[in-house]
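**Q** Sharing a model that was predicted from the sequence below.
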Amino acid sequence: MTSHSTTGSSLVKRGLADMLRGGVIMDVVNPEQARIAEDAGAVAVMALERVPSDIRRDGGVARMSDPQMIQEIQAAVTIPVMAKARIGHFAEAQILQALDVDYIDESEVLTPADEENHIDKRSFTVPFVCGATNLGEALRRIGEGACLIRSKGEAGTGNVVEAVRHLRTIHAQMRRLASADSAELFALAKDLQAPLPLVQEVAETGQLPVPLFCAGGISTPADAALVMQLGAQAVFVGSGIFKSDDPILMAKAIVEATTHYLDPSVVARVSTGLGAAMKGFETSTLEVRLAERGW
Amino acid sequence: MKRVGVLALQGDVREHASALAGCGTEVVYVRTPSDLAGLDGIVIPGGESTTIAYLLGTSGLRSSLTGALTDGLPVLGTCAGLIMLSSTMVGGREDQWSFGLLDITVQRNGYGRQIASFETPIEVEGVGVVPGVFIRAPRITQWGDVQVLATYDRGDGVHPVLVRHGSAWGCSFHPELTTNLGVHELFTSSF
């Protein structure tokens, strides 16, 4: 007998994020890179036309990728394929859902389409990941239906400093909520500009209602081990792999470091002989701060 | 107290650990061969099977865990863990390997991509109805000498979703994502 079933429930949408924990999600721009990522043990790939460092270099408007390129990557690998939509661009998200992508990243790396509103993600069957720089931003995105939060970091810089700032901020703000009494939560919700029920939930559980991953500037195995110890549950690596000297070696090394982040001897071994990581930028010299996009 | 390991290379390790703790067992996170010492059972969690297979190789666990499982260490695999216990895989990578303890053919993502992931009640023999959460789940398309403990019909034929052969148990869905301990209790009470 066929019994009643439900698709697109929050448990099912969040569940895929749970399956990605402890893993590395790699930005890829073509099927060859996608296969390298899968060979190296990536848990998922993010299909996009240009990695963030190239978007940063080229300027102009960055949009959703060509559907053909996404489909070629879906055909090339067996792991989940994610793709990016512009902030607020629900039509791009509808297209990505129609393409059967496994996760949509409503991403500040692309040029925002709406400077006030994000996508109402609750109405989609496919789950969404969104970036956040602090707890209020994370809870606003969760309120809109995001099933996975990643620290924004500063994409395309190869500099982990902003990711560290965002992770530390989110965790510090969660600790503050956990130590507050119930009367204080109303004012704290106002300060965070976050929905009160979610603020109360974090205060009670001490953690986000969805998984917290890290993105933005991770470019070495040591960076991965750092952010995992700071409480990230998985890492996104954008430009850091395919802008390094030896992408295959770098991809494998970051995968192993993410799993064995508590064992410095493993991280030391995989860090040895990797060649140069991506060159990167000092964030104080940047003209465009992607992390400031999103509201 | 029984000591049960959770393979902690990648995936939803934490959920299995809390389900096992809820069954009154001591939980050990298994990341290296030495973590296998003194275990009464082990769980291979949900996650990405290609990633778990890769990390089993790099961590040195592939050969030591193969030895322990061949010697009869009880094992429960859910989703990716089911794939790792199967004898034949289709729809995956040509070079993917598995422990081959369950005489089944699994089709990776056999119920579809994420958009087709679903929840449904599942009747488990000896337990009753449990919530079944299927996420990019593997489908058991052929089966030989295994005991079928639960089935599901997605509208295109009845397929096993929980099977057992001796000390090896494999599950298409994720009992660890719910608060129902039925499947974990069934497994941990078998040894």
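**A** Now that the structure is in, tell me what you want to look at.

**Q** for B:Thr27, what are its contacts?
**A** Not Thr; residue B:27 is Val. B:Val4, B:Gly5, B:Val6, B:Ala17, B:Leu20, B:Ala21 (CB atoms under 8 Å, 6 or more residues apart in numbering or on different chains). Every residue, glycine included, has its C-beta placed from N, CA and C.

**Q** ignore the last one, B:Arg113
**A** Per CB under 8 Å, 6+ apart, neighbours of B:Arg113: A:Pro80, A:Asp100, A:Asp102, B:Arg136.

**Q** List the ones among the contacts of B:Val27 that fall in helices.
**A** If you go by DSSP state H, the contacts of B:Val27 have B:Ala17, B:Leu20, B:Ala21 in helices.

**Q** quick one: which of the residues you listed is most hemmed in?
**A** B:Leu20 (27 neighbours; other CB atoms under 10 Å in any protein chain shown).

**Q** Columns distance to B:Trp143 and pLDDT on top of the ones in helices among the contacts of B:Val27, output as a markdown table?
**A** Shown next, in a markdown table, are the ones in helices among the contacts of B:Val27 (distance: CB to CB, whole Å; pLDDT from 0 to 100):
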| residue | distance to B:Trp143 | pLDDT |
| --- | --- | --- |
| B:Ala17 | 29 | 98 |
| B:Leu20 | 26 | 98 |
| B:Ala21 | 32 | 98 |
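
**Q** Identify, from these, the entry nearest to chain A.
**A** Taking CB to the nearest CB as the measure, chain A lies nearest B:Ala17 of those, at 12.1 Å.

**Q** close enough to count as contact, that closest one and B:Gly5?
**A** No. Applying CB atoms under 8 Å as the test, B:Ala17 and B:Gly5 come out as separate, 9.8 Å apart.

**Q** got any residues that touch both of the two?
**A** With CB under 8 Å, 6+ apart as the test, B:Ala17 and B:Gly5 both reach B:Val27, B:Tyr29.

**Q** surely A:His166 meets A:Ala155?
**A** No. Taking contacts as CB under 8 Å, A:His166 lies outside contact range of A:Ala155: 11.8 Å.

**Q** between those two, who's got more neighbours?
**A** Higher neighbour count among A:His166 and A:Ala155: A:His166, with 29 against 26, using other CB under 10 Å.

**Q** quick one: pLDDT of the residue nearest to that one when sequence neighbours are not counted?
**A** Of all residues not flanking A:His166 in the chain, A:Ser151 sits nearest, at 3.8 Å (CB to CB, 6 or more residues apart in numbering or on different chains). Per-residue confidence (pLDDT) for A:Ser151: 96.

**Q** Pretty sure B:Ile140 sits in a helix.
**A** No. B:Ile140 is assigned strand when assessed by DSSP: H, G, I helix; E, B strand; the rest coil, not a helix.

**Q** How about the secondary structure of the spatially most central residue of chain A?
**A** Centroid-nearest residue in chain A: A:Arg150, 4.0 Å away (criterion: CA atoms, centre = their mean). For A:Arg150, the secondary-structure state derived from three-state DSSP is strand.

**Q** contacting residues around the residue nearest the centre of chain B?
**A** Central residue of chain B (CA atoms, centre = their mean): B:Gly77, 1.3 Å from the mean position. B:Gly77 sits next to B:Val43, B:Ile44, B:Ile83, B:Met84, B:Leu85, B:Ala168, B:Trp169, B:Gly170, B:Cys171 when contact means CB under 8 Å, 6+ apart.

**Q** ok so, going back, take the contacts of B:Arg113 and write them to CSV, including distance to A:Val161, neighbour count and pLDDT.
**A** As requested, the contacts of B:Arg113 are exported to CSV (distance: CB to CB, whole Å; neighbours: other CB atoms under 10 Å in any protein chain shown; pLDDT from 0 to 100):
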residue, distance to A:Val161, neighbour count, pLDDT
A:Pro80, 29, 24, 98
A:Asp100, 36, 16, 97
A:Asp102, 30, 24, 98
B:Arg136, 35, 26, 97
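
**Q** Distance to A:Val29 for those residues - can I get that in a markdown table?
**A** Shown next, in a markdown table, are those (distance: CB to CB, whole Å):
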| residue | distance to A:Val29 |
| --- | --- |
| A:Pro80 | 17 |
| A:Asp100 | 20 |
| A:Asp102 | 18 |
| B:Arg136 | 23 |
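
**Q** List just the nearest of those to A:Lys279.
**A** Here the nearest of those to A:Lys279, counting by CB to CB, is A:Pro80; it sits at 29.9 Å.

**Q** Give the buried residues for stretch B:81-92.
**A** Buried residues in stretch B:81-92, defined by neighbour count with 16 or more other CB atoms under 10 Å in any protein chain shown: B:Gly81, B:Leu82, B:Ile83, B:Met84, B:Leu85, B:Ser86, B:Ser87, B:Met89, B:Gly92.

**Q** mind listing which of those residues are in helices?
**A** B:Gly81, B:Leu82, B:Ile83, B:Met84, B:Leu85.

**Q** Surely A:Gln97 forms part of a helix?
**A** Yes. Assigned with three-state DSSP, A:Gln97 falls within a helix.

**Q** dump the residue contacts of the residue lying closest to it once chain neighbours are set aside.
**A** Spatially, and ignoring its direct neighbours in sequence, A:Gln97 is nearest to A:Val126 (4.6 Å; CB to CB, 6+ apart). Contact analysis of A:Val126 by CB under 8 Å, 6+ apart lists A:Gly8, A:Lys13, A:Leu96, A:Gln97, A:Val101, A:Asp102, A:Tyr103, A:Ile104, B:Gln114, B:Ile115.

**Q** Likewise for B:Thr66?
**A** Contacts of B:Thr66 (CB under 8 Å, 6+ apart): B:Phe99.

**Q** residues of the helix or strand hosting it that come out buried?
**A** Per DSSP states H and E: B:Thr66 is located in helix B:61-70. Taking 16+ other CB under 10 Å as the neighbour-count basis, helix B:61-70 is seen to contain the buried residues B:Leu61, B:Arg62, B:Ser64, B:Leu65, B:Ala68, B:Leu69.

**Q** How about stretch A:255-267?
**A** A:Val255, A:Glu256, A:Ala257, A:Thr258, A:Thr259, A:His260, A:Tyr261, A:Val266, A:Val267.

**Q** Just the CA coordinates for that stretch, please, in PDB.
**A** In PDB, the C-alpha atoms belonging to stretch A:255-267 read as follows (Å, rounded to 0.1, in the frame of the first residue of the first chain):
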ATOM      1  CA  VAL A 255      38.600  17.700   2.800                       C
ATOM      2  CA  GLU A 256      40.900  15.800   5.200                       C
ATOM      3  CA  ALA A 257      41.500  18.800   7.400                       C
ATOM      4  CA  THR A 258      37.800  19.400   7.700                       C
ATOM      5  CA  THR A 259      37.200  15.900   8.900                       C
ATOM      6  CA  HIS A 260      40.200  15.700  11.200                       C
ATOM      7  CA  TYR A 261      40.100  19.300  12.400                       C
ATOM      8  CA  LEU A 262      40.700  18.200  16.000                       C
ATOM      9  CA  ASP A 263      43.900  16.400  15.100                       C
ATOM     10  CA  PRO A 264      46.700  18.900  14.300                       C
ATOM     11  CA  SER A 265      49.000  16.000  13.200                       C
ATOM     12  CA  VAL A 266      46.700  15.200  10.300                       C
ATOM     13  CA  VAL A 267      46.200  18.900   9.400                       C
END
